[in-house]
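Asker: I'll drop the sequence and a predicted model, then ask my questions.
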Amino acid sequence: MDVGGTSSVANYLQQVVEIRKQQGEVDAQVAESIRRARQQVVDQGLEDGNKQAERINEIKRTALQAHGGSIDVWA
């Protein structure tokens, strides 16, 4: 192989290395974005669950107050 051919191969390999490095950076950014999105879903679910529990507790408190502090439960 002549010197020009060797230089072309070296340049090509350097481009491949650079592309792989960039792809690794993009993959890391995508993974972080997915992680953040998943965490937002979890946080929202926890927040929704807490709100629902607060509403249920408020209903229970209101019912207890309306019945003098006790509720008869019929099955």
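Answerer: Received, thanks.
Asker: gap between D48 and V42?
Answerer: According to CB to CB, to the nearest Å, D48 stands 11 Å off from V42. Quick note: C-beta positions are derived from backbone N, CA and C, even for glycine.
Asker: where does this structure dip in pLDDT?
Answerer: Counting by pLDDT under 70, the ranges of the chain that qualify are 1-4, 69-75.
Asker: change it to 80
Answerer: 1-4, 66-75 (pLDDT under 80).
Asker: which parts of it are helices?
Answerer: Here the chain has its helices, by DSSP state H, at 3-66.
Asker: okay, which residue is most central for it?
Answerer: The chain has R38 as the residue nearest its centroid, 1.7 Å off, counting by CA atoms, centre = their mean.
Asker: contact partners for it?
Answerer: Applying CB atoms under 8 Å, 6 or more residues apart in numbering to R38 gives no contacts.
Asker: do you know how far A10 is from R20?
Answerer: Counting by CB to CB, the gap from A10 to R20 is 16 Å.
Asker: no no, I34
Answerer: To R20, I34 is 21 Å away according to CB to CB.
Asker: return the distance of R61 relative to S7.
Answerer: Distance of R61 to S7, given as CB to CB: 81 Å.
Asker: next one: G49
Answerer: 63 Å.
Asker: also Q44?
Answerer: Separation of Q44 from S7 (CB to CB): 56 Å.
Asker: neighbours of V9, how many?
Answerer: 11 (other CB atoms under 10 Å).
Asker: next one: the one 3 residues further on
Answerer: When neighbours are defined as other CB under 10 Å, Y12 has 10 of them.
Asker: what about it, distance to V26?
Answerer: Relative to V26, and taking CB to CB, Y12 is found at 21 Å.
Asker: T6 too?
Answerer: Taken as CB to CB, the span from T6 to V26 is 31 Å.
Asker: now I56
Answerer: To V26, I56 is 45 Å away according to CB to CB.
Asker: just V42 next, same as before
Answerer: Taken as CB to CB, the span from V42 to V26 is 25 Å.
Asker: then I59?
Answerer: 50 Å.
Asker: run a quick neighbour tally on N57.
Answerer: By other CB under 10 Å, the residues close to N57 number 10.
Asker: residues contacting it?
Answerer: With CB under 8 Å, 6+ apart, N57 has no contacts at all.
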